[in-house]
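> show me the folded form of this:
(chains A and B)
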Protein chains: 2
Amino acid sequence: MEPVKASIITIGDELLIGQVVDTNSAWMAQELNKIGVTVSRRVAVGDEWTAIWQALNEELAVSHVVLITGGLGPTADDITKPLLCEYFGGKLVVDEKVLAHVHYLFEEVYRRPMIDRNAKQAEVPDVATVLHNAYGTAPGLLFEKNNKLVIAMPGVPFEMKGIMTDEVIPLLQKRSKLPVILHRTLITAGIGESFLAERISEFETALPSYIKLAYLPHYGMVRLRLSATGFDTESMTHEIEARFEELQRLLPDVMVTNRDEPIEQVIGRLLLERGQSISTAESCTGGYIAHLITRHPGSSKYYKGSIVSYDNQVKEDLLGVTPGTLAEKGAVSEETVRQMALGALSSLKTDFALAVSGIMGPDGGSDEKPVGTVWMAVANKDEVITQKLRLRTERSRNIELTATNGLNLLRKFILERVPEPKN
Amino acid sequence: MEPVKASIITIGDELLIGQVVDTNSAWMAQELNKIGVTVSRRVAVGDEWTAIWQALNEELAVSHVVLITGGLGPTADDITKPLLCEYFGGKLVVDEKVLAHVHYLFEEVYRRPMIDRNAKQAEVPDVATVLHNAYGTAPGLLFEKNNKLVIAMPGVPFEMKGIMTDEVIPLLQKRSKLPVILHRTLITAGIGESFLAERISEFETALPSYIKLAYLPHYGMVRLRLSATGFDTESMTHEIEARFEELQRLLPDVMVTNRDEPIEQVIGRLLLERGQSISTAESCTGGYIAHLITRHPGSSKYYKGSIVSYDNQVKEDLLGVTPGTLAEKGAVSEETVRQMALGALSSLKTDFALAVSGIMGPDGGSDEKPVGTVWMAVANKDEVITQKLRLRTERSRNIELTATNGLNLLRKFILERVPEPKN
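Purely as a prediction, here's the structure:
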């Protein structure tokens, strides 16, 4: 049976001049993949009639379902709705349900006066089925032609997500016999992509044709993903699980987790199991490690907080780093991060603390301590360990890599220490 | 004269299952736009021979330059190099310069043993021109056919950026008479897209055809961008500046900045001019505001640090929030953020402090304080102001919106206070 193929078209000049990063289509692809719809292409085009028209033609030629985001807003550069109306040979009519919803949003949720432009959101092509947008004024629109579907949604991420979850996914599941796609992902740290490939080359060669292995490197870690596609869920599950077990046995020393989750969630689970807590003292990462941890719901159960000591005075006042250490060794030194970690441990009263200090660039380097020099420390009440990194010159990359490496140092430290029984 | 059109093809199964967000093509589009190359389409395809081949055909039909990223790595799922070799009718040969560079990287930079797989990176199609990759082992490859260019680069962001900056951009500038594209951007806060459009509809209608206006809403702010395209730089500059002045005059009350920069940089410039400093006390944003500020080089000149008080004990111990306030009013209350801001001001010794506390969701809400309830405070030594937000339920959106709104409250507070003369 042929898989159901989808294309994603994102519309907006801002995508072509690079003023915004397209996060919508990654999310949409994930959701489609989960239900067994294969995304074959993603295309971004500008707010331009012929470009959108041509993209529609091309994607309808290769896919069964074409999902469109963007260009449904209330301003003059939003041309998706009239274009689709003409493409499918309809005319715009007011949808009373949508109009009532727009009124409701302005009166009850936004609590702002409504203007004519907003009411226009309720005009929809008479050849489209309306998909309810619980979170905004522009409804989703569903068109059908030659047994293929075109679905248009607004580009505002949470509105698109609402329509996808509430309307599009159930609709696609109802209409098609979808293949099963199973993924198993593990994450490694501390080994390069090519060394990994060398270590598991025999494993890779022996995989059956319906299971694929992908390498996804990202800031000092590599995700290894096995994907199986087919219709026999039971035998596929059996096979992918067996292969995944084998893969894990090949990489015990470098595997961080056997789930598809970021490293801070690995730490979070570990701490929840043990009933322990952590805190951070961040200089060069400036709160980024705290952000990574706290973006996950429930992190308050194990994370107490951070002292972002961007200024040396804060390192002294709140973390107890001694003025002598700062003067003699400097802010980026083993002794400073050691004192920072111990300072966080006692100020924030946690079982473990992670501290980092480094030179992220592009300025601030010296011959002795070039840009990319980082010191990290992890402490508990018995012990402090430290590690030095030598990164390169790109600031945002250095912040990411320091966070990843620091969290990995913390993870290993926690794992190696057996928790004391709690009363 | 016809504009030089470019297409961007990004290759990788990970893009189609949504496992990574494509930030490369936004960056590439920005750089191309700056030199007057118009990006007409962006396409993402999987690691699949026919899909890549077809995308190449399609993009070469509509664009003069096709830029490709991804699939040049050392593992089996990387098929871009052999495919391009066949597409352009060449064969793979070892490039001695590239081989020497790979050796250099392993011996001097990575300090790791090299394996055969790494050496294979030095094999290049004999019909391609090699573009030096200073930051990695896979070189860029340039192909030419019927006066059109195909340029392939690795997908690792900092490697791609190096090749673009060092090789591709100068090459494109040398080869073509490129049109000038001028952008002028301002950012507004506190007004919806449709209300903005209403306020400036006459302005928009009166724009000459070669100047376009775009609305780019993003987390409570809207960027308004004017773009002029043409060859007469002088008259274009004159016209776009005049229109931009007019636009600013229409929006004095809601304009945050007349540059294309995030709000934390607006604050940074303001503080640098005045020689003043800030700190933050973050509960619900968990370090995200600190991260936004410190991702910019030079922020240590005005930013001292943050106390991320995720736990109430930290609010008491380090920010001096009274146990009585927490017990009676709760962590998310006007009185708590007021005390947090004053605590940060005195602990971190800055001219201004921003504090936020809220319920980001999905859990933790109550009837009295539903998910999305946020209190913010800004203080200096004379005064504290507070503001309440009522956001919705999506955690990551709530974190973004709290950061943006908090920074905007801080910006307005600083602006309204004349700095005292420093000694």
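> what's near enough to touch the closest residue to A:Q313 other than its chain neighbours?
Among residues not flanking A:Q313 along the chain, B:K349 sits closest, at 6.6 Å (C-beta to C-beta, 6 or more residues apart in numbering or on different chains). All C-beta atoms are positioned from the backbone trio N, CA, C, and that covers glycine. By C-beta atoms under 8 Å, 6 or more residues apart in numbering or on different chains, B:K349 lies in contact with A:Q313, A:D317, B:S279, B:K304.
> need the residues of the stretch 51-200 of chain A near chain B, please.
Residues of the stretch 51-200 of chain A lying close to chain B (C-beta under 8 Å from any C-beta of the partner chain) are A:51, A:55, A:58, A:73-77, A:110, A:112, A:115, A:117-118, A:135, A:156-158, A:183, A:192-195, A:197-198.
> keep only those of these that are in strands.
Those of these mapping onto strands are A:H183, per DSSP state E.
> picking up where we left off before, how about the residue nearest to A:Q313, secondary structure?
Look at B:K349: counting by DSSP: H, G, I helix; E, B strand; the rest coil, its state is coil.
> now swap in the one 5 residues further on and tell me
For B:L354, the assignment made with three-state DSSP gives strand.
> how many neighbours does A:H132 have?
Using other C-beta atoms under 10 Å in any protein chain shown, A:H132 has 14 other residues around it.
> and the contacts of B:K349, which of them are buried?
Buried residues within those, counting neighbours by 16 or more other C-beta atoms under 10 Å in any protein chain shown: A:D317, B:S279, B:K304.
> so can I have TSV of those residues showing pLDDT, distance to B:D367 and secondary structure?
Below are those laid out as TSV (pLDDT from 0 to 100; distance: C-beta to C-beta, whole Å; DSSP: H, G, I helix; E, B strand; the rest coil):
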residue	pLDDT	distance to B:D367	secondary structure
A:D317	97	41	helix
B:S279	98	34	strand
B:K304	98	39	strand
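> in JSON lines, list those residues along with distance to B:R417.
What follows is these, written out as JSON lines (distance: C-beta to C-beta, whole Å):
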{"residue": "A:D317", "distance to B:R417": "25"}
{"residue": "B:S279", "distance to B:R417": "16"}
{"residue": "B:K304", "distance to B:R417": "18"}
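> from the contact counts, what lies against the host helix or strand of A:E204?
Assigned by DSSP states H and E, A:E204 belongs to helix A:201-205. Here helix A:201-205 touches helix A:233-250, going by 3 or more C-beta pairs under 8 Å, 6 or more residues apart in numbering or on different chains; DSSP states H and E.
> tell me which residues in the helix it packs on are buried?
A:M236, A:E239, A:I240, A:R243, A:F244, A:L247, A:L250.
> confirm for me that the third one is in contact with A:L226.
Same thing as A:I240. Yes: counting by C-beta atoms under 8 Å, A:I240 does reach A:L226; the two are 5.7 Å apart.
> and the pLDDT at the closest residue to A:D78 other than its chain neighbours?
Spatial nearest neighbour of A:D78, excluding adjacent residues (C-beta to C-beta, 6+ apart): A:G71 at 4.8 Å. With respect to pLDDT, A:G71 scores 87.
> what about A:G71, which SS state?
Using three-state DSSP, the structure places A:G71 in coil.
> relative to B:E167, how far out is it?
Relative to B:E167, A:G71 is positioned 35 Å away (C-beta to C-beta, to the nearest Å).
> out of the buried ones among the contacts of B:K349, who's nearest B:G90?
Distance to B:G90 across these (C-beta to C-beta) is lowest for B:K304, with 57.7 Å.
> burial count for the nearest residue to the closest one once chain neighbours are set aside?
Excluding its sequence neighbours, the residue lying closest to B:K304 (C-beta to C-beta, 6+ apart) is A:D311, at 4.1 Å. Neighbour count of A:D311, defined by other C-beta under 10 Å: 20.
> show me what contacts A:D311?
Shown in contact with A:D311 (C-beta under 8 Å, 6+ apart): B:S300, B:Y303, B:K304, B:G305, B:L348.
> let's see 10 Å
Neighbouring residues of A:D311 by C-beta atoms under 10 Å, 6 or more residues apart in numbering or on different chains: A:S283, A:D317, A:A331, B:S277, B:S279, B:S300, B:Y303, B:K304, B:G305, B:L348, B:K349, B:T350.
> low-confidence ranges, chain A, go.
A:1, A:421-423 (pLDDT under 70).
> would you mind giving the domain segments of it?
A:5-175, A:180-257, A:263-416 (automatic domain parsing).
> ranking those domains by burial, who's on top?
domain A:263-416 (a mean of 21; mean count of other C-beta atoms under 10 Å in any protein chain shown).
> so A:K177 touches A:G36, yeah?
Yes: the pair A:K177 / A:G36 is scored as a contact, 9.1 Å apart, by C-beta atoms under 10 Å.
> so for those two, which residues contact both of them?
Common contact partners of A:K177 and A:G36 (C-beta under 10 Å, 6+ apart): A:V4, A:F231.
> on that earlier part again, make TSV out of the domains of chain A and add distance to B:G343.
Output for the domains of chain A, formatted as TSV (distance: least, C-beta to C-beta, whole Å):
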stretch	distance to B:G343
domain A:5-175	33
domain A:180-257	34
domain A:263-416	11
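> tell me the contacts of the residue nearest to A:D78?
A:9-13, A:45-47, A:52, A:77-84, A:138, A:152, A:154-155.
> which helix or which strand is home to A:E335?
helix A:334-348.
> for A:G330, see how far away the residue lying farthest from the centre of chain A is.
When distances are taken from the C-alpha mean of chain A, A:G324 lies farthest, 42.1 Å away, according to C-alpha atoms, centre = their mean. Using C-beta to C-beta, one gets 12 Å for the distance from A:G324 to A:G330.
> if we can go back for a sec, anything in contact with each of A:I240 and A:L226?
By C-beta under 10 Å, 6+ apart, the residues touching both A:I240 and A:L226 are A:L182, A:H183, A:R184, A:L207, A:I211.
> ok, those vs chain B, which is closest?
Closest approach to chain B among the shared contacts of A:I240 and A:L226 (C-beta to the nearest C-beta): A:H183, at 7.5 Å.
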